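**Student:** Sequence first, then the predicted structure:
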Amino acid sequence: MWHVGSSFRLLASGTADPVHRHWLEQVRPRVAAAGLDKAWLAELIPPSGYAPDFLNPAPTGPAPTLAAELAAVVAAPADRIRKDLDHLGHHQGGIGPRLRSLYADPPTRLARVAEEIETYWELALAPYWARIRTVLDADIFHRARQVAQYGPGHLFNELHPQVSWNDDVLRLVRWPRSLSRETAGAGLLLIPSAFNGPGLSTRVAPPDPPQLAYRARGTGTLWERRAVTSTAAIVAVLGRARTLLLTELVAPATTTELAHRTGISKAGVSQNLTALRDAGFVTAHRAGRSVLYARTSVAESVLAASR
């Protein structure tokens, strides 16, 4: 859900972020065509400032699924929803009719919000998730190694310019108030994010542990085009058509787009993509009336071995 919120905020801001330019060019038209730029998320997640805490439930493990987090969103207590909406209204100068209906009937309206989040996920994040997860996993591995070798102080002092650790005290620059263990909840969750801006994002909603979201290491390389210099070995295993389709899936694409780019018939593209999906090399994601195909981490690893 942190990625849902931060990526939607980036889309809504209208900025041409140089890091995510390719992603923005692909996703903005899909989101607009689905009407998501004028629906629930557009009102719940403003381009800047506060977004409701109930949208970022405390994860139950290191890699929660969207379904698990949506279940936590839908199960949020009504008083929590109303408190967050009051806070949002304070920052936004009030809330509109759609959010007032959520305020009046949280259980019913939250189900609608969850449906919209699922649609957004399929359009904007699911086709790219294998690549995003690679960056996140690498960040987590790096941070875990820092703690193991040098202790938590080193981790926090290297995490972000706004964070420092000294004398067993964690300090956040420009944080508006002090935060004691007694008022913050147990522990601290670090949330690497591919779409977070240069600053830090926080969620403090006791009794949940505080959450601290930051831009993951390696985000700048996320959308780099990785050239495949030789595919002869892969062709020998997968065949020319399937290898060609994998190399063309630098970004998620439909069967029609792939047929146009490769010269393979639509029926041939569909047949080969089905075989690649069954083997775990691609995933399929509904985008309105179309289906987007995307490479998985397995395919990325195979292609990387041929570079």
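**Tutor:** Arrived safely.
**Student:** what about the closest residue to residue 84 other than its chain neighbours, how many residues close to it?
**Tutor:** Spatially, and ignoring its direct neighbours in sequence, residue 84 is nearest to residue 52 (3.7 Å; C-beta to C-beta, 6 or more residues apart in numbering). To be clear about C-beta, it is placed using only N, CA and C from the backbone, and glycine gets the same treatment. Number of residues near residue 52 (other C-beta atoms under 10 Å) recorded here: 23.
**Student:** close enough to count as contact, residue 52 and residue 86?
**Tutor:** No. If you go by C-beta atoms under 8 Å, residue 52 and residue 86 don't touch, sitting 10.0 Å apart.
**Student:** Common neighbours of these two, please.
**Tutor:** Common neighbours of residue 52 and residue 86 (criterion: C-beta atoms under 8 Å, 6 or more residues apart in numbering): none identified.
**Student:** I'd like the distance from the helix or strand hosting residue 146 to the chain centre, please.
**Tutor:** Using DSSP states H and E, residue 146 maps to helix 129-150. Distance, stretch centre to chain centre, for helix 129-150: 16 Å (C-alpha atoms, centre = their mean, to the nearest Å).
**Student:** got it, and stretch 38-49?
**Tutor:** Worked out by C-alpha atoms, centre = their mean, stretch 38-49 lies 16 Å from the chain centre.
**Student:** Regarding it, how distant is the last residue from the first?
**Tutor:** The straight-line separation of the ends of stretch 38-49 (C-alpha to C-alpha, to the nearest Å) is 18 Å.
**Student:** Check stretch 277-289 too.
**Tutor:** Termini of stretch 277-289 sit 19 Å apart (C-alpha to C-alpha).
**Student:** That one: which residues count as buried?
**Tutor:** When neighbours are counted by 16 or more other C-beta atoms under 10 Å, the buried residues of stretch 277-289 are found to be 281-285, 287.
**Student:** can you list the residues that contact the lowest-mean-pLDDT helix or strand in the chain?
**Tutor:** In the chain, no helix or strand scores lower on mean pLDDT, DSSP states H and E than helix 181-184, which sits at a mean of 72. Applying C-beta under 8 Å, 6+ apart, the external contacts of helix 181-184 come out as 204, 206, 209-210.
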